[in-house]
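In: Dropping the sequence and predicted coords here.
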Amino acid sequence: MQLSDADKKLVERLRKQQQSLIRWRWVGLLAALLNIAIGCCGIAVIDHFLHQPETIAAMVVAFLIPTVYLLVLGGVWIAVYSFLCWNGKPETRLLLKLLESQNDDA
């Protein structure tokens, strides 16, 4: 099977995306840990303000709770995605292996 120029460009782009995903996995993991750590600090700040009866403290808690949830959930999502795609996307990896084995046979 011969690939057209557009198909060759697509395969090369997939190969670059695969390498980029593998290269950036540590950055993603570091970002996930940073998000989770900032979320935990936010929980500590919220705990400090929960014991104060002032309205300003209640406003701080009301504004921080969604932010903390988003930070922690975002960090967990990034960590899970990084672990699932640690060696790149499996579909792309399989496709590239099939194309390489086809080129080796020809």
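Out: Here it is on my side, so go on.
In: so what pLDDT did Leu33 get?
Out: On pLDDT, Leu33 comes in at 96.
In: burial of it, as a residue count?
Out: 13 (other CB atoms under 10 Å). For every residue, glycine as well, the C-beta is placed using N, CA and C.
In: Please name the residues that touch the most centrally placed residue in the chain.
Out: For the chain, the residue nearest the mean C-alpha position is Ile78 (3.2 Å; CA atoms, centre = their mean). By CB atoms under 8 Å, 6 or more residues apart in numbering, the residues touching Ile78 are 28-29, 31-32, 35.
In: Now the longest helix along the chain: buried residues?
Out: With secondary structure taken from DSSP state H, the chain has its longest helix at helix 55-84. Buried residues in helix 55-84, counted by 16 or more other CB atoms under 10 Å: 60-61, 64, 68, 71-72, 75, 78-79, 82.
In: Same question for stretch 37-54.
Out: Buried, per 16+ other CB under 10 Å, within stretch 37-54: 39, 42-43, 46, 49.
In: Return that stretch as PDB; C-alpha atoms alone will do.
Out: Provided in PDB are the C-alpha atoms of stretch 37-54 (Å, rounded to 0.1, in the frame of the first residue of the first chain):
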ATOM      1  CA  ALA A  37      -0.900  21.300  46.700                       C
ATOM      2  CA  ILE A  38      -2.400  24.700  46.100                       C
ATOM      3  CA  GLY A  39      -5.800  23.200  46.700                       C
ATOM      4  CA  CYS A  40      -4.700  21.700  50.000                       C
ATOM      5  CA  CYS A  41      -3.300  25.100  51.100                       C
ATOM      6  CA  GLY A  42      -6.700  26.600  50.200                       C
ATOM      7  CA  ILE A  43      -8.400  24.000  52.400                       C
ATOM      8  CA  ALA A  44      -6.100  25.200  55.300                       C
ATOM      9  CA  VAL A  45      -7.100  28.800  54.600                       C
ATOM     10  CA  ILE A  46     -10.800  27.900  54.600                       C
ATOM     11  CA  ASP A  47     -10.300  26.000  57.800                       C
ATOM     12  CA  HIS A  48      -8.800  29.100  59.400                       C
ATOM     13  CA  PHE A  49     -11.700  31.300  58.300                       C
ATOM     14  CA  LEU A  50     -14.400  28.800  59.300                       C
ATOM     15  CA  HIS A  51     -13.800  29.600  63.000                       C
ATOM     16  CA  GLN A  52     -14.400  33.300  62.600                       C
ATOM     17  CA  PRO A  53     -18.000  34.600  62.800                       C
ATOM     18  CA  GLU A  54     -17.500  37.700  60.600                       C
END
